[in-house]
Structures are given as structure tokens and as C-alpha cells.
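Asker: mind folding the following:
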Amino acid sequence: MIVQYQLTLEIFMALQRNSIHTLNYHKRRQQLSNIMMSILVFCLGFLFTKLLLSSLVAEELIFFLALTGGIFLALVLMPFLKRIYPYVTIWQFRYFLKNDLRFPTNVTLVINETEIIITSKQGLVTSQKNIAWESIDKLSEDDSYYYLYVEEDDAIIVPKHNDESSILEFKPFQLLLKSKLVN
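Answerer: Below is the predicted model:
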């Protein structure tokens with residue numbers, strides 16, 4: 001089976017959105033980010049409460065109330081802090097890649113029983129990569145693409161629907177995926 005498509009920034013961003021929810025790297029990074037943001041929110045709540053109450057309450061109670069205010073603010077904002085990581089990460093990728101000259105890139109995938117041959121052409125530079133089915137670690141998908149993760153930070157993007165390929169041509173590919181990859 002041969003699949004041809006143009007790798008655009010939007011397709012690459014779809015891979016990034018998928019990897020945020022799929023890869024252990026992003027799960028660990030999100031946990032660390034949540035801890036750091038919670039500490040920051042706690043400190044801000046502590047300082048704000050201390051400044052706000054310093055002239056209204058006895059000095060013996062200020063530390064206890066400021067500590068309570070910091071903990072309260074961190075607990076109240078915890079659900080928001082947990083959901084912000086994917087948005088910030090996607091924004092960062094888009095910001096750094098908006099002027100990247102690698103997009104668009106023409107990609108041709110030759111998919112057979114033993115391997116996937118990836119040929120990418122950008123301008124005058126053509127590169128080819130042969131990936132054996134055994135080297136694919138993880139399979140993920142969304143509504144538009146299959147993502148075949150070769151390594152933690154390297155994936156093959158296979159469009160589910162393509163102008164040049166009909167849905168019937170993807171049935172053998174789906175059967176090949178099921179036979180070669182066990183999730």
C-alpha cells in the first residue's frame with residue numbers, strides 16, 4: 001500500500017496533541033508542572049493573605065491565616081492547573097514552529113508485510129527511512145490519523161483519509177496493524 005500526503009504544521013500539531021496524552025514523557029512533565037504550579041500558587045496565596053490581613057489581624061494569627069490562605073488557593077485552583085498543561089505545551093510548539101521552513105514536506109509511505117518505508121521530500125532534499133514492524137513500540141490514533149511510535153519522540157503519521165486513497169484501501173492496512181501490533 002502506498003500513501004502520499006503533505007506533512008503540514010497542522011498535521012504535526014495533531015501528532016503533538018496526541019503525544020501529550022499518550023507518551024510517558026508528557027505524563028511525567030505534566031506531573032512536575034502541576035507540582036511547580038501548585039507551589040507557586042501556594043506562595044502567591046500565602047503572600048496575598050499575609051499582606052491583606054497584616055493590618056487587620058493580630059500578628060500571632062497572621063502566619064496561620066496566611067498558611068491557610070495559601071493552601072486554600074492551591075486546592076481551589078488545582079483542577080485548573082491540571083488542565084492547563086496541554087494548552088501551554090501546544091502553544092509553545094506552535095510558537096516555536098510557526099516560521100519553521102520544514103513545513104510543508106511531501107511524504108510517501110510504502111507499507112508492506114515486513115516494513116514501512118518513509119520517503120520525505122522537502123525542496124531538493126530527499127530522505128528515506130525503513131522501519132521494521134518490530135521496531136514500532138506503540139500505536140495511537142485519533143479521528144484523522146494513526147500514530148505509530150517508533151521511539152518515545154519519533155512517530156510515523158498515517159492519514160486515515162486521503163484524497164488519493166479510498167477508505168477501502170485502508171482495510172488491508174487496518175488488518176495489517178492488528179496483526180503486527182498488539183497494544
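Asker: low-confidence ranges, this protein, go.
Answerer: 162-170, 182-183 (pLDDT under 70).
Asker: buried ones in the longest helix anywhere in the chain?
Answerer: Taking DSSP state H as the criterion, the chain has its longest helix at helix 59-97. Using 16 or more other CB atoms under 10 Å as the test for burial, helix 59-97 gives 62, 65-66, 69-70, 73-74, 77, 81, 85, 89, 93. Glycine gets a C-beta too; all of them are placed from N, C-alpha and C.
Asker: please enumerate the strands of the chain.
Answerer: In the chain, the strands defined using DSSP state E lie at 2-7, 105-111, 115-122, 125-132, 138-141, 145-151, 154-159.
Asker: and the ones you listed as CSV, adding distance to M13?
Answerer: Formatted as CSV, those follow (distance: least, CB to CB, whole Å):
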stretch, distance to M13
strand 2-7, 11
strand 105-111, 14
strand 115-122, 18
strand 125-132, 22
strand 138-141, 15
strand 145-151, 11
strand 154-159, 11
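Asker: between the buried residues of helix 59-97, which is closest to K27?
Answerer: When the buried residues of helix 59-97 are compared for distance to K27 (CB to CB), Y85 wins out at 9.9 Å.
Asker: nearest residue to the closest one in space, please, no chain neighbours.
Answerer: Nearest non-adjacent residue to Y85, counting by CB to CB, 6 or more residues apart in numbering: Q30, 4.4 Å away.
Asker: measure how buried that neighbour is and give me the count.
Answerer: As a burial measure, Q30 scores 17 neighbours (other CB atoms under 10 Å).
Asker: ok, it - contacts?
Answerer: 20, 82, 85 (CB atoms under 8 Å, 6 or more residues apart in numbering).
Asker: mind redoing it with 10 Å?
Answerer: 20-21, 82, 84-86, 89 (CB atoms under 10 Å, 6 or more residues apart in numbering).
Asker: sweet, I'm off.
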